[in-house]
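Participant: dropping the sequence and predicted coords here.
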Amino acid sequence: MHDPMITIDGAQGEGGGQVLRSALTLSLVTGKKFEITNIRARRSRPGLRPQHLKAVEAAAAIGRASVEGANLGSTSLVFMPGTIQPGHYQIDIGTAGSTSLILQTIFLPLSLNRGLSKVMITGGTHVPMSPCYHYIDQQWLAFMRQIGFDAQLILLLAGFYPQGGGRLAAEIHPCGAIKPLQLTERGGLEQIRGISAVANLDRKIAERQRDQILRRLGDHYRLNDIRIVHLPSHSKGTMLLLVAEFEYSQCCYFALGELGKPAERVADEVVDSLLTFLETGAALDQYLADQLLLPLAFADGPSVLRTSKITNHLITNAQVLRAFLPVSVEISGEIGQPGTVRIDPSQ
């Protein structure tokens, strides 16, 4: 009742929406209330946009929270969590805002609670500046299961920018003990697989994306099952995703098509990202290292991750994490370069 209010500066680090989303997640799990100021202060349109407001509303719904300042454009917010309630939730972002980021905001609190939850989220499933549905399903969820989480995802409709209208369904089961992760070596490359997808566009576009992958990688790497997929959708769009599987780990990169962007350039973006990763010798791609930080803070032992790039996003997430928990997070390496992340929940 009289616990002190945690104060978060939303302008710290990368200064975007992830500061808010991580604070919401940690507040729900720890039961600690917080106030955040300067929300998205480093963005061209500061304050809460529809997708950020929806993250607040979703967190408040599952955590029976009291909220002050939850309005479009608001640059400050007070969030006071109640008791997390598993159940059935439907969340409509109303724009092409990222369904994946909403899911990640509420996933940890629902998983750490008793009872099954089913969540339907409507919005953008394949939009810029956020992990697309297939990255969440093929990469993030694969590692979340590895450390002890239990969930299933289904893509009902793909939603591309700017129309949105995509729908994903998540079934989230209570998890037991969260296992630490020791990933400093990836081992040998076993295969590269992928998905070349189109929605309401000619199959030839997906074939051109795939063929460019074959031209650039086929003579040097073992490619297996680069699938052509037609995504159900109310909008038009393309996506290409590659997963490189190693002896001990895997990495994942994707790119989205857009009007006037050749299919070959979509493929080149993914290949360039993958080849850059291969040169680093890292065990995890830079996005996953960031996304695993919060879950591993609740593991039953210390974790060590070797990431392909230290990002501002990662450093900012660690700062927010330390505000809520007495956890040790050590990040070794220069921004933009490969590095090592150590998370010790016992500190």
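Facilitator: Looks like it arrived, so ask away.
Participant: just give the number of residues close to the residue nearest to Gly281 when sequence neighbours are not counted.
Facilitator: Of all residues beyond its chain neighbours, the one nearest Gly281 is Pro338 (7.2 Å), with distances taken as C-beta to C-beta, 6 or more residues apart in numbering. Using the backbone N, CA and C atoms, a C-beta is placed for each residue, glycine as well. Using other C-beta atoms under 10 Å, the number of residues around Pro338 comes to 19.
Participant: test my guess that Pro338 contacts Leu284.
Facilitator: No - in this structure, Pro338 is not within contact of Leu284 by C-beta atoms under 8 Å, at 10.2 Å.
Participant: in the chain, where's the longest helix?
Facilitator: When the chain is scanned for its longest helix (criterion: DSSP state H), the result is helix 263-280.
Participant: what touches both of Pro338 and Leu284?
Facilitator: Residues touching both Pro338 and Leu284 (C-beta atoms under 8 Å, 6 or more residues apart in numbering): Arg306, Thr307, Ser308.
Participant: so which of those residues is the most crowded?
Facilitator: Most surrounded of those: other C-beta under 10 Å gives Thr307, at 27 neighbours.
Participant: for the stretch 51-200 of the chain, which segments count as helices?
Facilitator: 99-111, 133-135, 141-146 (DSSP state H, counting those that start in this stretch).
Participant: quick one: Ala96 from Ser249, how far?
Facilitator: As for Ala96, its distance to Ser249 is 32 Å (criterion: C-beta to C-beta, to the nearest Å).
Participant: just the element for Leu288, please.
Facilitator: helix 286-291 (DSSP states H and E).
Participant: Gly176 and Ser111, how far apart?
Facilitator: 10 Å.
Participant: and what of Gly82?
Facilitator: Applying C-beta to C-beta to Gly82 and Ser111 gives a distance of 18 Å.
Participant: looking at the two, which has the bigger crowd around it?
Facilitator: Between Gly82 and Ser111, counted using other C-beta under 10 Å, Ser111 has the larger neighbour count: 22 against 13.
Participant: wait, isn't the more buried one in contact with Ala170?
Facilitator: No - contact criterion C-beta under 8 Å: Ser111 and Ala170 do not qualify, at 10.5 Å.
Participant: show me the common contact partners of those two, please.
Facilitator: With C-beta under 8 Å, 6+ apart as the test, Ser111 and Ala170 both reach Ala151.
Participant: not counting sequence-adjacent ones, nearest residue to Ser346?
Facilitator: Per C-beta to C-beta, 6+ apart, closest to Ser346 is Pro302, 7.2 Å.
Participant: dump the residue contacts of the one you found.
Facilitator: Applying C-beta under 8 Å, 6+ apart, the residues contacting Pro302 are Pro180, Arg342, Ile343, Asp344, Pro345, Ser346.
Participant: which residues does the residue nearest to Gly281 contact?
Facilitator: Pro338 neighbours (C-beta under 8 Å, 6+ apart): Thr280, Gly281, Ala282, Arg306, Thr307, Ser308, Lys309, Ile310.
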